[in-house]
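here is the input, now give the coordinates:
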Amino acid sequence: MDERLEKYEYKMEKTHENLLGEFGSIRAGRANPHVLDKLRVDYYGTPTPIQQVANVTVPEARMIQIQPWEGSMVKAIERAILTSDLGLNPTNDGKMIRLVFPDLTEERRKELVKDVKKKGEAAKVAIRNIRRDANEVFKKQNKAGELTEDDLKDLENEMQKLTDKFIKTVDKSIEDKSKEILTV
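Predicted coordinates:
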């Protein structure tokens with residue numbers, strides 16, 4: 001592959017990885033500790049990820065158990081979960097917190113699939129923007145005499161192939177996540 005394309009391929013890969021990270025935080029009825037990734041808890045005045053102040057486990061398919069290393073953190077973690085947009089009610093026994101994931105309703109599953117598709121579309125737009133930026137750079141290089149017309153055409157064609165490859169990858173990720181959400 002042309003080294004002039006590598007940085008754009010890297011950007012497209014990062015876009016896809018970012019999308020997969022967003023998909024990880026969408027709960028599909030099963031307990032997934034990644035739903036807590038974006039939550040921060042106040043740890044001695046510092047916003048800290050829950051995973052850094054507690055042990056997070058999944059003892060059952062629909063339950064996450066959070067055991068803080070310091071007993072004083074139970075209330076702070078509970079508060080962080082209650083004020084988040086997770087829509088979960090934590091149960092606290094003084095030593096640990098349990099999050100029970102209710103069965104998703106058909107309606108909620110469809111909303112989540114719409115959300116997945118929206119995030120996927122945003123990723124595809126980002127990938128197309130990377131292609132556009134790359135083509136603009138190539139055209140400027142052509143105008144400046146750094147690229148021949150043939151090189152310009154070749155680079156634009158390779159860029160299109162790269163874009164098509166990543167759009168297909170994103171579509172596959174959308175399809176997989178949607179299937180996971182709709183599976184009861």
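
mind listing what's buried along the longest helix out of those in the chain?
Determined from DSSP state H, the single longest helix within the chain is helix 106-143. Going by neighbour count (16 or more other Cβ atoms under 10 Å), the buried part of helix 106-143 is 109, 112-113, 116, 119-120, 123-124, 126-127, 130-131, 134-135, 137-138, 142. Just so you know, the C-beta spots here come from the backbone N, C-alpha and C atoms, and that holds for glycine as well.

wait, a strand at residue 47?
Yes - counting by DSSP: H, G, I helix; E, B strand; the rest coil, residue 47 falls inside a strand.

wait, it sits on residue 53?
No - applying Cβ atoms under 8 Å as the test, residue 47 and residue 53 come out as separate, 10.9 Å apart.

which residues outside the helix or strand containing residue 6 are in contact with it?
In this assignment (DSSP states H and E), residue 6 forms part of helix 3-24. With contact meaning Cβ atoms under 8 Å, 6 or more residues apart in numbering, helix 3-24 is reached by 1, 32, 34, 37, 116, 119-120, 123, 126-127, 130-131, 133-134, 138, 155, 158-159, 162-163, 166, 169-170, 173, 177.

let's see 6 Å
The contact list for helix 3-24, computed with Cβ atoms under 6 Å, 6 or more residues apart in numbering, reads 34, 119, 123, 126, 127, 130, 134, 158, 162, 166, 169, 177.

for the longest helix of the chain, packing partners?
With contacts taken as 3 or more Cβ pairs under 6 Å, 6 or more residues apart in numbering; DSSP states H and E, helix 106-143 sits against helix 3-24, helix 149-182.

name the residue most distant from the centre of the chain?
The outermost residue of the chain relative to its centre, with distances by Cα atoms, centre = their mean, is residue 145 at 40.8 Å.
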